[in-house]
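>>> Structure, please.
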Amino acid sequence: MELRHAVVETELGELTLVATGRALAGVYFPGHWTLPARPAFGTEVDGSADGVIAESARQLREYLAGERTSFDLATTTSGGPLEERVWRLLREIPFGHTVTYGELAGELGGATIARRVGQAVGRNPLSIVIPCHRVVGKNGELRGYAGGLDRKRFLLDLEGAGQLSLGV
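A predicted model of the protein is given here:
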């Protein structure tokens, strides 16, 4: 099935969900920092009539209501080698825990790539589902989030991640 999208209403406002085939390929906030050009979303569809989008929306709403701690969705990403490695590490951060950008860089080759790691985190196409909100700055300070720091704080509070908890 072709690339397609729908805009769904959630606790965090409207989210654009992008799917390809049987997989979720994107979750984007309005004003998302790395928002692809509209044609990259494919055809607009009725989200309630599309199985992938409807199930993704249902699970996102359950998560945002505090009824779910993980996602059971087929997903697909298409980043470069470093981005894919970073996104794989993000998937391993447990619900309610955080890691620092420096810790991720350390896992992937050391402090010299910290900036590149931060850029890869920021280009995560599956916000919330691949939990980039669980990455914080040194000493636990909130640092960049493509959906805005208010949304990042909401997600961390939802997960009870008020204190910095280290380790991937």
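>>> Give me the pLDDT for the most centrally placed residue in the chain.
For the chain, S127 is the residue whose C-alpha lies nearest the centre (Cα atoms, centre = their mean; 1.8 Å). Looking at S127, its pLDDT stands at 95.
>>> can I assume it is in contact with G147?
Yes: S127 is in contact with G147 according to Cβ atoms under 8 Å; the separation is 5.9 Å. Using the backbone N, CA and C atoms, a C-beta is placed for each residue, glycine as well.
>>> shared neighbours of those two, anything?
F29, H32, H133 (Cβ atoms under 8 Å, 6 or more residues apart in numbering).
>>> what's around the first one, how many residues?
Residues near F29, counting by other Cβ atoms under 10 Å, number 20.
>>> pretty sure it contacts Y145?
No: here F29 does not reach Y145: they are 9.1 Å apart, not a contact under Cβ under 8 Å.
>>> Now for these two: what residues contact both?
R151.
>>> what does the biggest helix by length in the chain contact?
For the chain, the helix with the greatest residue count under DSSP state H is helix 51-64. By Cβ under 8 Å, 6+ apart, the residues outside helix 51-64 that reach it are 4-6, 8, 10-12, 15, 17, 19, 21-24, 27, 45, 47-48, 68-69, 71-74, 128-129, 158.
>>> Among the residues you listed, which are located in helices?
Checked against DSSP H, the contacts of helix 51-64 include these in helices: L158.
>>> Buried members of the contacts of helix 51-64 into ChimeraX, please.
A single ChimeraX command selects the buried members of the contacts of helix 51-64 (16 or more other Cβ atoms under 10 Å):
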select :4,5,6,8,10,12,15,17,19,24,27,45,47,71,73,128,129,158
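>>> Now that G102 has come up, it's in contact with G140, right?
No: assessed by Cβ under 8 Å, G102 is found out of contact with G140, at 11.9 Å.
>>> Can you pull the domain assignment for this structure?
The chain breaks down into these domains under automatic domain parsing: 4-64, 81-158.
>>> any weak-confidence spans in the protein?
1, 162-168 (pLDDT under 70).
>>> Strands along that one, start to end?
4-10, 13-20, 23-28, 43-44, 99-100, 135-136 (DSSP state E).
>>> would you list those strands in CSV and tack on distance to G79?
As requested, those are arranged in CSV below (distance: least, Cβ to Cβ, whole Å):
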stretch, distance to G79
strand 4-10, 19
strand 13-20, 15
strand 23-28, 12
strand 43-44, 23
strand 99-100, 19
strand 135-136, 16
